[in-house]
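Undergrad: Predicted model follows, preceded by the sequence.
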Amino acid sequence: MSAPAGDTRVAAVGPGPARAVPTGREVTDPLLSVRDLHVRFDEIHAVSGVTFEVARGEFFGIVGESGSGKSVTARAVIDLLPSHAQKRGQILFKGEDLLQARPKRLRAIRGSSIGFVFQDALAALDPVYTIGDQLVEALLAKRSMRRSAARRRAADLLDEVGIPDPRQRLDSYPHQLSGGMRQRAVIASALIADPELIIADEPTTALDVTIQRQVMELLQGIVESRGVAVVLITHDLAVVAETCDRVAVFYGGTIVEEATTTGLFAAPRHPYTAALLASLPRMGGTGEFRPIPGNPIRVATELACCPFAPRCANVVDLCRQRVPAEQTDGAHRFRCFRPEDPR
Ligand SMILES: Nc1ncnc2c1ncn2[C@@H]1O[C@H](COP(=O)(O)OP(=O)(O)OP(=O)(O)O)[C@@H](O)[C@H]1O
């Protein structure tokens, strides 16, 4: 990935630490390792046996349709699920299992090593305080520094995330900024603690396409300049294609395929991924989406078979009888009894 075109503020941060983005599925010394994660809300099995790893400095995408378990997985990592969520498995962050960590330790990790950015920037900011006050208070809570130095640092952060006239913008209230600028301010606040991982859950869904692209370029720039890893949750494959190094495709609360973004788009192995890619409008075509036949499932019980079986063109009896085990061809990891041919 190159530095974001046209965003000199980010590019000006300069080259950061070398990134070790894996080319296949192997991740040596992962920053985040989620192993066999299950999340239930009483009888609803929202997440069933999710396993993936994220390397330092990697831009990792999680894609899938509504209700497939993307947000619940992300919120499990940062311990932001409601208290009645029942979780099992492992969430290793730098080797430490966050599912076993005490609340105080989790708060400390969340406030320092892991930052997050959600869809609704307005909800993430306090409407009654200026952007500057919010950033300064957060900075002072993290480090002992003079208020004037915190204000300078806050302006630097706004500059880093591409907000013009950062010193003046410190005195703006959230409602005085555009949607894109507000999301940039939220990203600035996520950077306060120098996180090693940023989880961004649909950060651009509420924004128009041009602004969406700019915010994604900003996140890419941050990955490049700071060596931060980003886990991006999105339902938009075009965003994945443009930004992510690797991607996990969710369906029915589980990962049905994971590969490098290039590998996934070039030769999907899971029929759901193939159907998803085929549904995208083609250049020179009618410009229309071709929806995948059938209805998305609503997972209410533990998976007993392939969740995609009712909609799958390759389905065989076995798919309705058992959950396919995970397999790999070296470049893709997938769960399917009748995968697409490798190309
Ligand atoms: N607090 C909750 N209580 C009960 N069920 C929940 C709760 N949060 C999520 N779920 C259920 O868990 C499943 C997965 O939800 P999740 O939000 O992870 O989906 P998603 O893939 O992120 O979809 P979207 O793109 O719409 O956010 C859904 O069936 C959802 O209704």
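TA: Ah, there it is.
Undergrad: CA only for contacts and neighbour counts going forward, please
TA: Will do.
Undergrad: so who does the nearest residue to Leu157 once chain neighbours are set aside touch?
TA: Nearest residue to Leu157 in three dimensions, chain neighbours excluded: Ala188, at 5.5 Å (C-alpha to C-alpha, 6 or more residues apart in numbering). Ala188 sits next to 157-158, 160-161 when contact means C-alpha atoms under 8 Å, 6 or more residues apart in numbering.
Undergrad: The ligand contacts on the protein?
TA: 41, 46, 65-72, 82, 298-299 (C-alpha under 6 Å from any ligand atom).
Undergrad: farthest pair in those residues?
TA: Comparing all pairs in the residues of the chain next to the ligand by C-alpha to C-alpha, the longest separation belongs to Glu65 and Pro82, at 21.8 Å.
Undergrad: quick one: which of these two has more around it?
TA: The neighbour count for Glu65 versus Pro82, taken as other C-alpha atoms under 10 Å, is higher for Glu65 (17 against 10).
Undergrad: The more buried one against Thr254, yeah?
TA: No - look at Glu65 against Thr254 with C-alpha atoms under 8 Å: they stay out of range, at 11.8 Å.
Undergrad: would you list every one of the helices in the chain?
TA: Using DSSP state H, the helices of the chain run over 8-11, 70-77, 103-112, 121-124, 131-142, 147-160, 166-169, 179-191, 209-226, 237-243, 261-266, 271-278.
Undergrad: looking at these, which is closest to Asn314?
TA: Here helix 271-278 is closest among the helices of the chain (C-alpha to C-alpha), at 7.1 Å.
Undergrad: Leaving aside the residues adjacent along the chain, what's closest to Ala248?
TA: Of all residues not flanking Ala248 in the chain, Glu258 sits nearest, at 4.3 Å (C-alpha to C-alpha, 6+ apart).
Undergrad: Next, the contact list for that neighbour, please.
TA: For Glu258, the contact set (C-alpha under 8 Å, 6+ apart) comprises 25, 246-249, 264, 332-334.
Undergrad: among those residues, who's most crowded?
TA: Counting neighbours by other C-alpha under 10 Å, Ala248 comes out on top of the contacts of Glu258 with 28 neighbours.
Undergrad: ok, back up a step: and the pLDDT at the residue nearest to Ala248?
TA: Predicted confidence (pLDDT) for Glu258: 97.
Undergrad: mind checking pLDDT for Val299?
TA: We have a pLDDT of 62 for Val299.
Undergrad: try Tyr129
TA: pLDDT, Tyr129: 96.
Undergrad: neighbours around it, how many?
TA: Tyr129 has 14 neighbours, counted by other C-alpha under 10 Å.
Undergrad: From what I see, Ile199 and Val228 are in contact.
TA: No - in this structure, Ile199 is not within contact of Val228 by C-alpha under 8 Å, at 10.5 Å.
Undergrad: What about the residue of the stretch 101-250 of the chain found nearest the ligand, how many residues nearby?
TA: Per C-alpha to the nearest ligand atom, His235 is where the stretch 101-250 of the chain lies closest to the ligand, at 6.3 Å. Counted by other C-alpha under 10 Å, the residues lying close to His235 total 20.
Undergrad: what bridges to the spatially most central residue of the chain?
TA: By C-alpha atoms, centre = their mean, the chain has its centre lying nearest to Leu232, at 2.0 Å. Beta-bridge partners of Leu232, counted by DSSP bridges, are Gly61, Ala200.
Undergrad: about what we covered before: pick the most deeply packed of the helices of the chain.
TA: Stretch with highest mean neighbour count among the helices of the chain: helix 179-191 (a mean of 24; mean count of other C-alpha atoms under 10 Å).
Undergrad: Can you give the distance of that helix from its chain's centre?
TA: Distance of helix 179-191 from the chain centroid (C-alpha atoms, centre = their mean, to the nearest Å) equals 16 Å.
Undergrad: going forward can the numbers begin at 542, since that is how I track them
TA: Shifting the count to begin at 542 puts that one at helix 720-732.
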